[in-house]
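Engineer: Sequence plus the predicted model coming up.
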Amino acid sequence: MLDPLLRLRHLRVFLETARRGSLSAAAEALHVSQPAASKTIRELEELLGAALFDRTGRRLVLTPAGKIFATRAGAALADLEEAQRLVVSPPAPRPKLALGLLPTAAGALAPRAVMAFKEAHPDCLLRVATGPNWLLLSQLRERSLDLVVGRMPPEGNIEGLVFRQLFWERVLPVVRPGHPLLRSDWSVGELARHPLMLPPKGAMIAGQVHAWLHSVGLSDPGPEYENVSHEFGRAIVQGTDTVWFISEGVVRDEIESGSLAVLPLRHAPLGGPVGITLRGTTQPGRELSALIDALETAATGMGG
């Protein structure tokens, strides 16, 4: 039974804080004072009997209980807002679509598709969001996003969603031109002696990369960096002997221009499906259908 003390303000402050990772930023966005927002979060945690945020760092990070509550509370609030909209029936607004992008889709696929889409639908406002996979999928479930483009969600996070594969994409070890390992006979022992940049825990490709390293004898690779940021990774790799394991789509332009090079893999290739994730109940309207078509067209010929 729903606790009668639970109020909409609890949900709004909680969800805004989860999105922004900052209580002060959430308070500013909701036009309330920070002490009031802090009190609201504290009340909600007392009502639920669980801590919703980890406060050990500078940013507020959802606890496991917080992630569960964010998924359900966001969807519930979205349903209430939709019910209100249907009753009030305002004039038809400007068409809008909210697109979530994982790093592998942000470099070439999505921009190419969006430019083609905008030629046919110039009046549609496109809002683009980036972030970790769990956050984008949570926002998709709560209807803050209309679709997410990137790697296939993990099996435990696909409930209520559907995935449409666009292509299979490689995960590659990339280095600077002239790197000592840029030859066909490099060994795993040599790889272990160079700085490694690996995806952080929680990144879509992290488990696959670590499993591959383990399979070739590097059970504890001890990376110098954990990163999937394009700008940071490119700068470090181009200026050092670091080997970066990253999705091909993130560094496709650099590979094609020759500013980064790919180490040849002599073992089983790394990679996985990239595509579109939608809510299972979604019936795509005119604009969403057109954007999906544009993504499918842009994906033609991509992948390894």
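Structural biologist: Okay, I see it.
Engineer: how distant is stretch 199-214 from the center of its chain?
Structural biologist: Between the centre of stretch 199-214 and the centre of its chain there are 15 Å (CA atoms, centre = their mean, to the nearest Å).
Engineer: Ignore what I typed, I meant stretch 105-114.
Structural biologist: With CA atoms, centre = their mean, you get 14 Å for stretch 105-114.
Engineer: same question, stretch 111-131
Structural biologist: The answer for stretch 111-131 is 18 Å, by CA atoms, centre = their mean.
Engineer: swap in stretch 126-141?
Structural biologist: That offset, for stretch 126-141, works out to 6 Å (CA atoms, centre = their mean).
Engineer: switch to numbering from 707
Structural biologist: Renumbered: residue one is now 707, and that last one reads stretch 832-847.
Engineer: Put the alpha carbons of that stretch into PDB.
Structural biologist: Only the C-alpha atoms of stretch 832-847 are listed here, as PDB (Å, rounded to 0.1, in the frame of the first residue of the first chain):
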ATOM      1  CA  LEU A 832      15.900  16.800 -31.300                       C
ATOM      2  CA  ARG A 833      17.200  16.600 -27.700                       C
ATOM      3  CA  VAL A 834      20.300  14.500 -27.400                       C
ATOM      4  CA  ALA A 835      21.400  13.000 -24.100                       C
ATOM      5  CA  THR A 836      24.600  11.100 -23.400                       C
ATOM      6  CA  GLY A 837      25.600   9.100 -20.300                       C
ATOM      7  CA  PRO A 838      26.200   5.600 -18.900                       C
ATOM      8  CA  ASN A 839      24.100   2.800 -20.200                       C
ATOM      9  CA  TRP A 840      22.100   2.200 -17.000                       C
ATOM     10  CA  LEU A 841      21.100   5.900 -16.800                       C
ATOM     11  CA  LEU A 842      20.000   6.200 -20.400                       C
ATOM     12  CA  LEU A 843      17.900   3.000 -20.100                       C
ATOM     13  CA  SER A 844      16.300   4.300 -16.900                       C
ATOM     14  CA  GLN A 845      15.400   7.500 -18.700                       C
ATOM     15  CA  LEU A 846      14.000   5.500 -21.600                       C
ATOM     16  CA  ARG A 847      11.800   3.500 -19.300                       C
END
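Engineer: Mean confidence (pLDDT) on that stretch, please.
Structural biologist: Averaging pLDDT along stretch 832-847 gives 89.
Engineer: Now do the buried residues in that stretch.
Structural biologist: Leu832, Ala835, Gly837, Asn839, Trp840, Leu841, Leu842, Leu843, Ser844, Gln845, Leu846, Arg847 (16 or more other CB atoms under 10 Å). C-beta: built from backbone N, CA, C; applies to glycine.
Engineer: The closest residue to the fourth one other than its chain neighbours: what's it in contact with?
Structural biologist: The one in question is Asn839. Among residues not flanking Asn839 along the chain, Met910 sits closest, at 5.3 Å (CB to CB, 6 or more residues apart in numbering). Met910 makes contact with Leu808, Thr810, Asn839, Gly856, Arg857, Pro860, Gly978, according to CB atoms under 8 Å, 6 or more residues apart in numbering.
Engineer: For the buried residues of stretch 832-847, which two are the farthest from each other?
Structural biologist: Within the buried residues of stretch 832-847, Leu832 and Trp840 form the most distant pair, 22.8 Å apart (CB to CB).
Engineer: what does the domain assignment say about the protein?
Structural biologist: 714-779, 802-873+985-1004, 874-978 (automatic domain parsing).
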